[in-house]
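[1] model the structure of this input:
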Amino acid sequence: MADRPRVRFAPSPTGELHVGNARTALFNWLFARHHGGRLVLRIEDTDESRSSVSYQVSLVDDLKWLGLDWDEGPEKDGTYGPYKQSERLDLYTEHLKKLMDADLVYPCYCTEEELEEERQSLILSKRMPRYMGKCRNLSVSERDALAAKGRKPSWRFKVPQTTVEFNDLVRGSIRFEGESIGDFIIVRSNGMPAYNFAVVIDDHLMAITHVIRGEDHLSNTALQIMLYRAFGFEPPVFAHHCLILGKDHAKLSKRHGSVSVGEFRMKGYLPAALVNYLALLGSSFAEAREVMSPAEMIEAFSLDRASKSGAVFDEEKLRWLNAIYIRNLTVDDLSNRLRPFLRRAGYQPEKLDPSWMKQVIETVRDELTALADIGEHIAIFFDGRYQMTSEAAQILDSAGAKKVVLAFGEYLESAVGSPVEIYTAAIKHAREKSGLKGRDLFMPVRAALTGKVQGPELERVFAVIGKESAARRLKQAYP
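    As a prediction, this is how the structure comes out:
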């Protein structure tokens, strides 16, 4: 391995950052940091019709939010820039000329309709769909005639009928036969470089030593190695990790639910929790550890433990992990992170008493699995948002419930002392008056005080809402 390996994350700004791509970025980041190497962020924006500056901005913002910093790329110039493909077009033109001079490429005048017709014909005859070389041996006059009709050519690479073999750090020995691969386009008819062509040039000129990406790029690797050979370049080391799958074991897509980093941000997942979960997908750490800090993940990361089979994305597992990270935040940190979610839920945190709000957040912290859920958890502390659920109403209709609630309220009328003292004494009074205990004692009080059947410890809830609010709610339960 190189003393200081260089890896890259090279997304296309054609949409929001998918969690699958985020995991690729994470694996490259962990590899670079573990080996003391460098991570390059390269923006592959040659698809003019689909690329957007706004997507690039959100992509960079999502990476920063995840804590995946890069050493070279946008906002971090290096000696191998520029780091946007749209600013490297002269380099691609220069390298196309090299292949033209070596007679390794040819112009292709086939239309999209002609190519699709050929593809369907091959499928019907049960053959592998590929370009059959229609334009490979056109004469100069035939090319001129097609150009005269206004057809602008793309440029295809002449695929050699040789075997392509390489050792993948995740999958071991991989082999492709050149005879099964058709001549592929390296420059489109609009003059823009195709993916495989631009990637080879960029990775070589940026001195990339290791390419870590999803297994869906395996077939691209064969084409790229052919181009490396044609240019006389030394290929990097390849590692193709497994893809993220939905619960139906199909590739994760929108039909499975949230798939972008931005969507998980909106749901209130913490970046550290999402990074931790993505690191666990299709990988493993020593001693089967699941909760790890970035520093611990960097120390323990190894492609040797990367799985070859797909990793199923389980949002419930992510929520479980997120809840752990929420509980580990300080109350002040959690309060700051909750502000935008409180506003979205219709609260105005800047108008609430800070010390009281801190007490509220401390009370519900252990109930939270995502920050966006804060509104439903704190509604019980606001008289204007107090509502009785059907489950709570059913509890209050049960035998003995009214006696418990009335006895609890009776004690509050003349109670003095701290909230904890009042609550403890009121529960004792209700137990003595009703003769009930356990669930039969506490559930009616919970239902009356909160309108719900689940939530934080009643003693802590009572301390936040206070004696007066509690008394009003008890009377509301049995007017």
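
[2] now the nearest residue to residue 233 once chain neighbours are set aside: which helix or strand?
    Nearest residue to residue 233, sequence neighbours excluded (Cβ to Cβ, 6 or more residues apart in numbering): residue 204, at 4.6 Å. From N, CA and C alone the C-beta is placed, and that goes for glycine too. For residue 204, the host element (DSSP states H and E) is helix 195-205.

[3] against which helices or strands is that helix packed?
    Applying 3 or more Cβ pairs under 8 Å, 6 or more residues apart in numbering; DSSP states H and E, we find helix 195-205 packed against helix 89-101, strand 184-187, helix 218-231.

[4] thought residue 464 was touching residue 363?
    Yes - using Cβ atoms under 8 Å, residue 464 is in contact with residue 363, at 5.7 Å.

[5] neighbour count for the two, which is higher?
    Between residue 464 and residue 363, counting by other Cβ atoms under 10 Å, residue 363 is the more crowded of the two (22 against 19).

[6] could you list which residues are in contact with that one?
    Each residue near residue 363 by Cβ atoms under 8 Å, 6 or more residues apart in numbering is listed here: 381, 456, 457, 460, 461, 463, 464.

[7] in a helix, the second one, correct?
    Meaning residue 456. No - counting by DSSP: H, G, I helix; E, B strand; the rest coil, one finds residue 456 to be coil, located in no helix.

[8] any idea how far it lies from residue 359?
    As for residue 456, its distance to residue 359 is 11 Å (criterion: Cβ to Cβ, to the nearest Å).

[9] neighbour count for these two, which is higher?
    Neighbours of residue 456 and residue 359, each counted by other Cβ under 10 Å, are more numerous for residue 456; the result is 20 against 15.

[10] from residue 14, how far off is the more buried one?
    Counting by Cβ to Cβ, the gap from residue 456 to residue 14 is 45 Å.

[11] shared neighbours, residue 464 and residue 363?
    Taking Cβ under 8 Å, 6+ apart as the criterion, residue 464 and residue 363 both touch residue 381.

[12] any stretches of the stretch 251-400 of the chain with poor pLDDT?
    Along the stretch 251-400 of the chain, the parts satisfying pLDDT under 70 run over 284, 286-287.

[13] all strands of it, in order?
    In the stretch 251-400 of the chain, the strands defined using DSSP state E, counting those that start in this stretch lie at 311-312.

[14] neighbours of residue 473, just the number please.
    20.

[15] apologies, that question was intended for residue 413.
    Counted by other Cβ under 10 Å, the residues lying close to residue 413 total 8.

[16] wait, it sits on residue 474?
    No - look at residue 413 against residue 474 with Cβ under 8 Å: they stay out of range, at 10.2 Å.

[17] give me the beta-bridge partners of residue 212?
    Counting by DSSP bridges, residue 212 forms beta bridges with residue 239.

[18] residue 376 versus that one, what's the distance?
    40 Å.

[19] neighbour count: these two, which is higher?
    The neighbour comparison of residue 212 against residue 376 (other Cβ under 10 Å) goes to residue 212, with 27 against 13.

[20] which residues sit in contact with the more buried one?
    If you count contacts by Cβ under 8 Å, 6+ apart, residue 212 has them with 7, 24, 27, 28, 31, 169, 239, 241, 303.

[21] and the furthest pair within these?
    Using Cβ to Cβ, the two most remote members of the contacts of residue 212 are 24 and 169, lying 14.1 Å apart.

[22] quick one, which of those two is more surrounded?
    residue 24 (22 against 19).

[23] so the more buried one is in contact with residue 7, correct?
    No - using Cβ under 8 Å as the test, residue 24 is too far from residue 7 to be in contact (10.2 Å).

[24] what are the boundaries of the helices in the stretch 101-250 of the chain?
    112-124, 140-148, 195-205, 218-231 (DSSP state H, counting those that start in this stretch).

[25] of those, flag the one that's most buried.
    Highest mean neighbour count among the helices of the stretch 101-250 of the chain (mean count of other Cβ atoms under 10 Å): helix 195-205, with a mean of 21.

[26] that one to helix 218-231, inter-axis angle?
    60 degrees (axes from the mean of the first three to the mean of the last three Cα atoms, to 10 degrees).

[27] send over helix 195-205 as CSV, restricted to the C-alpha atoms.
    What follows is helix 195-205, C-alpha atoms only, in CSV (Å, rounded to 0.1, in the frame of the first residue of the first chain):
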residue,chain,number,x,y,z
TYR,A,195,-18.1,8.8,-17.2
ASN,A,196,-15.6,6.1,-17.7
PHE,A,197,-13.3,8.2,-19.8
ALA,A,198,-13.3,11.3,-17.5
VAL,A,199,-12.9,9.2,-14.4
VAL,A,200,-9.7,7.4,-15.7
ILE,A,201,-8.1,10.7,-16.6
ASP,A,202,-9.0,12.4,-13.4
ASP,A,203,-8.0,9.5,-11.1
HIS,A,204,-4.6,9.3,-12.9
LEU,A,205,-3.9,13.0,-12.9
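
[28] I'd like the average pLDDT over that helix.
    Here helix 195-205 scores 98 as its mean pLDDT.

[29] other residues contacting that helix?
    Outside helix 195-205, the residues that reach it (Cβ under 8 Å, 6+ apart) are 8, 10, 42, 44, 46, 80, 85, 88, 91-92, 95-96, 157, 184, 186-187, 193, 208, 211, 220, 223-224, 227-228, 231, 233, 236.

[30] what's the answer for stretch 41-51, then?
    Stretch 41-51 is contacted by residues 8-14, 56, 59-60, 63, 70, 72-74, 76, 83-86, 190, 192-193, 195, 198-199, 202, 206 when judged by Cβ under 8 Å, 6+ apart.

[31] now do the domain split for the chain, please.
    88-241, 330-379, 386-477 (automatic domain parsing).

[32] can you lay out those domains as TSV showing distance to residue 262?
    Putting these into TSV (distance: least, Cβ to Cβ, whole Å) gives the following:
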stretch	distance to residue 262
domain 88-241	20
domain 330-379	13
domain 386-477	30
